[in-house]
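Enquirer: this is a predicted model, with the sequence first.
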Amino acid sequence: MLRRGLLRPAKWSRNRRIQTSVPRLADTFDPVTAERAEDEVDVCIVGGGPAGLSAAIRLKQLEKETGKEIRVVVLEKGSEVGAHIVSGAVIEPRALDELLPKWQTMEGHPLTRPATSSHMRFLTKNLSLPFPHPPQMNNDGNYILSLSQFTRWLANIAENEYGVEIYPGFAGSQLLLSPTADAHDPWGNKVRSVQGVITNEVGLARNFTMKSSFEPGMAFRAKVTLLGEGAHGSLSKQAISMYQLRKEAQPQTYGIGLKEVWRVDPENYQPGLVNHFLGWPLAYDVYGGGFEYHMDDGLVTLGIVIGLDYKNPYLNPYRELQRLKHHPHFRKLLSGKSERLSYAARVLNEGGLQSVPRLHFPGGALIGCSAGFVNVAKIKGTHNAMKTGMLAAESAFTTVHPTESSQASEAAADLSSYETAYKKSWVHEDLHEVRNLRPSFNTKLGIWGGIMYSGVDSLFLKGSVPWNFRHSSTHITEESTSSLDAAETNPASWHQPIDYPAFEPPLSTDLMTSVALTGTNHAEDQPIHLRVVKTLEYMNQLDQIRAHNEKANPAIGAGSKAVETCSKDGDSGKVEEEKRVRSDHVRKNVGEYAGLLGRACPAGVYEYVDQEGAEMGNGEGWQGKKLVINSQNCIHCKLCDVKVPSQDITWTVPEGGGGPKYTNT
């Protein structure tokens, strides 16, 4: 690899800009021979969310405290920090109090709206009834805000007050591994260590030829790599599989959260009000509920969270959100001079303590929602994400600057002390107390039994029981990247289609009208980042590229034309295999699950449409149907990767800077 000059700090609001030599136009991209710029850092953090920024700030605080210099880089795939951040959000400031004790005196902090009242209500189609409020959902001392704006504020502090280097528009696409096995995984197996991150190429055409704007991905070599990508991150998923980090943990389970931000009529605005809802419009066997938070400046954020272990493939999360707004409670709230400003969606972790994997691997660690620290009973995770980022930072600093009594025993960074610190921290206590609440809904107790058990546990037992409920009896091996939620989906023949009501603009609108509010934009002529390939096979191709195998195909899963472009002479079998995989996907997902992704995706990315003309015989369809992936619509929610029954959608990063441009979500 060719080493280029080191980068200097860039403003966090700027997009990626690297100067490279002009490639020969229309040449096929070959990752094996690509010359990449390299940069050496002490700690590379992937993800500019609460966990990653808290880790970065804590590292630089330790630099000031000890006088030992440490270079910290944060890579953020969004066009700016906060552009891809989605949450309710009601924040518990416990971690912030520890990280920045004087935050209330800092200029421009966004925690300006305290939660003043908190209620739980049970909805029927026409009624809103008071419901017992679990003590964990008490919001005294908490704040209602936009998490997107909160991370922007943290980024300003990290860069301007602590000297953290933040690079927006840099999408971490693959882990940079040592050339040979130089470390041991948590189970004692000899493995290659993580030595940093390689960012995605920019300026590739859809068929993997190089455009005039082409820039090869950059290699950030790091002593420590922290993965803070959020729920179901693409690099985190690879690391968990590669190092068997779920060997002693249960599979993660997820929910999909969809939200809107409205400026409501002043008569309906109640600053500081927090409402949570159970019941309608969700079916009795679907875990989930709605929320309504009155933020500052007359804004109300409302939405719905649906457990992705739902059975019925006809369920449409977006239509459930729109139907929720037809309830008399929301009709009144959104009446008068009300205006919808934003729409967003993102998967969130629901597995809790049982699903937290091993946190460290040779060369790095998982922080925040990459590991899954959401307290489902509280419906909060930001405080835990920030704290784990801080704990990992302290371990990373000791690794980079070891004391005489803690000299590194091997070349690869060992962050096992982070795991120990987490188990002794209030994060572990926070999750341990509520560990049985979410999985109680998946036991023989059912939904209503789960509600009753959760009430007793949260009010009286408070987790002080000798048992741990499992999320499901479904078996998924520790090295598998398959999703527990996908395995819970029933065939369409077991269910009837759901009759959703017609849209009533402006109260409820069609999907594309909502997607337009996200500001989503991807360069249309770029490789499809939603690959139709099983993740383990995709990882195998990455290994072949790392091994400089000339027959490795970087376009696997991106379509037969792209695979054909990247295939070497005498390797036409890969094109036919690509077509077969695409055909098998359509057969299973249309034939057995009635095209689930066409309804489940909250951005209209996936369509199963009729083939026409020559397409009928191209080998990529099934019984006249084909898959169309509108990747330019993708809002990076990760639902497809989690929920597709065939588990053959692998979410990879697009060009850095693409995707949604959230501002107040």
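Expert: In hand now; what should we look at? All values reported here derive from a predicted model rather than from experimental measurement.
Enquirer: list the buried ones in the helix or strand of the chain with the lowest mean pLDDT?
Expert: Least confident element among the helices and strands of the chain, by mean pLDDT, DSSP states H and E: helix 446-456 (a mean of 75). By 16 or more other CB atoms under 10 Å, the buried positions in helix 446-456 come out as 447, 450, 451, 453, 454. Heads up, the C-betas are built off the backbone N, CA and C, glycines and all.
Enquirer: distance to residue 96 added to those, as CSV?
Expert: Listed next are the buried residues of helix 446-456 as CSV, based on distance: CB to CB, whole Å:
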residue, distance to residue 96
447, 35
450, 32
451, 32
453, 33
454, 28
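Enquirer: from those residues, which single one is nearest residue 95?
Expert: Nearest to residue 95 among the buried residues of helix 446-456 is residue 454, at 25.1 Å by CB to CB.
Enquirer: which residue ranges of the stretch 1-150 of the chain form strands?
Expert: Assigned by DSSP state E, counting those that start in this stretch, the strands in the stretch 1-150 of the chain fall at 38-46, 72-76, 90-91, 117-123, 128-131, 143-144.
Enquirer: only alpha carbons, please: show the fourth one as CSV.
Expert: Meaning strand 117-123. C-alpha atoms of strand 117-123 as CSV (Å, rounded to 0.1, in the frame of the first residue of the first chain):
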residue,chain,number,x,y,z
SER,A,117,-44.9,15.0,33.4
SER,A,118,-44.8,11.4,32.3
HIS,A,119,-47.8,9.2,31.6
MET,A,120,-48.6,5.7,30.2
ARG,A,121,-51.9,5.2,28.4
PHE,A,122,-53.7,2.2,26.8
LEU,A,123,-55.3,2.9,23.5
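Enquirer: paired strands for it, with orientation please.
Expert: Here strand 117-123 has these sheet partners by DSSP bridges: strand 128-131 (antiparallel), strand 273-279 (parallel).
Enquirer: now the angle from it to helix 446-456?
Expert: Strand 117-123 and helix 446-456 are oriented at 150 degrees to each other (axes from the mean of the first three to the mean of the last three CA atoms, to 10 degrees).
Enquirer: the helix or strand that residue 389 is a member of vs strand 38-46, what angle?
Expert: Residue 389 is part of helix 382-400 when elements are defined by DSSP states H and E. Using the same axes, to 10 degrees, the direction of helix 382-400 lies 150 degrees away from that of strand 38-46.
Enquirer: which strands and helices sit next to helix 382-400?
Expert: When contacts are defined as 3 or more CB pairs under 8 Å, 6 or more residues apart in numbering; DSSP states H and E, helix 382-400 sits against strand 38-46, helix 50-66, helix 94-99, strand 219-227, strand 364-366, helix 416-423, helix 426-433.
Enquirer: out of those, which is the most enclosed?
Expert: Each of these was scored by mean neighbour count; the highest is strand 364-366, a mean of 32, by mean count of other CB atoms under 10 Å.
Enquirer: okay, the strands paired with strand 117-123 in JSON lines with distance to residue 326 and mean neighbour count next?
Expert: Formatted as JSON lines, these follow (distance: least, CB to CB, whole Å; neighbours: other CB atoms under 10 Å):
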{"stretch": "strand 128-131", "distance to residue 326": "13", "mean neighbour count": "14"}
{"stretch": "strand 273-279", "distance to residue 326": "13", "mean neighbour count": "20"}
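Enquirer: a markdown table for those strands, including distance to residue 251 and mean pLDDT?
Expert: Formatted as a markdown table, those follow (distance: least, CB to CB, whole Å; pLDDT from 0 to 100):
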| stretch | distance to residue 251 | mean pLDDT |
| --- | --- | --- |
| strand 128-131 | 30 | 94 |
| strand 273-279 | 25 | 96 |
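Enquirer: residues in contact with the spatially most central residue of the chain?
Expert: Among the residues of the chain, the one closest to the centroid is residue 231, at 3.4 Å (CA atoms, centre = their mean). For residue 231, the contact set (CB atoms under 8 Å, 6 or more residues apart in numbering) comprises 254, 346, 347, 348, 349, 369, 370, 372, 638.
Enquirer: pLDDT score assigned to the fifth one?
Expert: By that I understand residue 349. Here, the pLDDT recorded for residue 349 equals 95.
Enquirer: for it, which residues are in contact?
Expert: 231, 252, 253, 254, 355, 369, 372, 373, 374, 381.
Enquirer: is it in a bridge, and if so with what?
Expert: In this entry, residue 349 is beta-bridged to residue 254, by DSSP bridges.
Enquirer: now do it against residue 560, distance only.
Expert: Distance of residue 349 to residue 560, given as CB to CB, to the nearest Å: 35 Å.
Enquirer: one more: the second one?
Expert: Residue 346 sits 31 Å away from residue 560, going by CB to CB.
Enquirer: which one of these two has more residues nearby?
Expert: Between residue 346 and residue 560, residue 346 has the larger neighbour count (other CB atoms under 10 Å), namely 27 against 21.
Enquirer: can you list the strands of the stretch 1-150 of the chain in JSON lines and add distance to residue 289?
Expert: Formatted as JSON lines, the strands of the stretch 1-150 of the chain follow (distance: least, CB to CB, whole Å):
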{"stretch": "strand 38-46", "distance to residue 289": "32"}
{"stretch": "strand 72-76", "distance to residue 289": "31"}
{"stretch": "strand 90-91", "distance to residue 289": "14"}
{"stretch": "strand 117-123", "distance to residue 289": "9"}
{"stretch": "strand 128-131", "distance to residue 289": "10"}
{"stretch": "strand 143-144", "distance to residue 289": "18"}
